[in-house]
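K.L.:
fold the following for me, if possible:
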Amino acid sequence: MYVDRIMSREVLQVTEDTRVPHMAALMRDHHIRHLPVVRDGRLVGLVTSHDLERVSPSPITTLSVGEANYLLGKLTAAKVMRAKVIACTPETLVEEAARLLRQEKIGCLPVVDRDGHLVGMLTHEDLLDFFLDITGCLMEDTTRIAVHLPDTMGQLGRLLAAINEAGGYIATVVSPLHPDQTGLRIAVVRYRAPNPRALNQQLRDLGYDLLTETFPA
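P.N.:
Next comes the predicted model:
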């Protein structure tokens, strides 16, 4: 899946002459931590909540409130923004975008087209929503089982086939690549079935080790 499918398209943005108090108000009122800076629609920088904290007066400053506000009012996005911005394109794979966020220890990825125009924003929240979607965590009508499997070819396919043959409809499947401390791999499957308790028992009768099972409420 590509970033284009999960990115936020409605992105608040500012220009280089936007002043610090206005950016602070935007972040506060819209509960965001990043503001892309654009020039003619093209990304030229990024202002984060940390950038605004960095230029804010210290609690022990000798400046009066009026003086501090006056100085902040003169600061613009051009003076506080990060000009070197790590970005991605709409065609970037979601997992590659997640790797970039993790590797670079950043909170967002502006999404730009081939001409550098800002078309979206990818945040940790977008990735979390994607994770919840692909794992089926929000599906209330499914049964969830975690099953120990030998880490050999064809084992996952046999498990899924067994669920289908027992009358289950596979909703989602997640299986981490590395085996656990027992040397076995874990497959987490969500499925729909008229009688999930009977289906799980059929799996046990076939020799499957069900580590956990959660039934629909």
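K.L.:
before we move on, what SS does the residue nearest to Val111 when sequence neighbours are not counted have?
P.N.:
Of all residues not flanking Val111 in the chain, Gly120 sits nearest, at 3.9 Å (C-beta to C-beta, 6 or more residues apart in numbering). All C-beta spots, glycine's among them, are computed from the backbone N, C-alpha and C. Classification of Gly120 by DSSP: H, G, I helix; E, B strand; the rest coil places it in strand.
K.L.:
burial measure for Gly120, as a count.
P.N.:
Residue neighbour count, defined by other C-beta atoms under 10 Å, stands at 22 for Gly120.
K.L.:
isn't it up against Leu12?
P.N.:
No. Counting by C-beta atoms under 8 Å, Gly120 does not reach Leu12; the two are 12.0 Å apart.
K.L.:
by mean pLDDT, flag the weakest helix or strand of this structure.
P.N.:
Counting by mean pLDDT, DSSP states H and E, the weakest-scoring helix or strand in the chain turns out to be helix 65-74, with a mean of 57.
K.L.:
what residues of the next helix or strand after that one count as buried?
P.N.:
Remark: after helix 65-74, the chain's next helix or strand is helix 77-80, criterion DSSP states H and E. For helix 77-80, the buried set under the neighbour-count rule, 16 or more other C-beta atoms under 10 Å, comprises Ala77, Ala78, Val80.
K.L.:
likewise stretch 16-29?
P.N.:
Residues of stretch 16-29 classed as buried: Thr18, Arg19, Val20, Met23, Ala24, Leu26, Met27 (neighbour count, 16+ other C-beta under 10 Å).
K.L.:
widest-spaced pair of these?
P.N.:
Greatest spatial distance among the buried residues of stretch 16-29 (C-beta to C-beta): Arg19 and Met27, at 13.2 Å.
K.L.:
which residues touch the host helix or strand of Leu199?
P.N.:
Using DSSP H and E, Leu199 falls within helix 196-205. Identification of contacts with helix 196-205 by C-beta atoms under 8 Å, 6 or more residues apart in numbering yields 143, 145, 147, 159, 162-163, 166-168, 191, 193, 210, 213, 215-216.
K.L.:
restricting to C-alpha, output that helix in CSV.
P.N.:
Once non-C-alpha atoms are left out, helix 196-205 reads as follows in CSV (Å, rounded to 0.1, in the frame of the first residue of the first chain):
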residue,chain,number,x,y,z
PRO,A,196,-16.1,-19.8,16.5
ARG,A,197,-15.7,-21.9,19.6
ALA,A,198,-16.4,-25.1,17.6
LEU,A,199,-14.0,-23.9,14.9
ASN,A,200,-11.2,-23.3,17.4
GLN,A,201,-11.8,-26.8,18.8
GLN,A,202,-11.5,-28.2,15.3
LEU,A,203,-8.1,-26.5,15.0
ARG,A,204,-7.0,-28.0,18.3
ASP,A,205,-8.1,-31.4,17.1
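K.L.:
pLDDT on that helix, on average?
P.N.:
With pLDDT averaged residue by residue, helix 196-205 scores 97.
K.L.:
after it, which helix or strand is next?
P.N.:
Going down the chain from helix 196-205, the next helix or strand is strand 209-214, by DSSP H and E.
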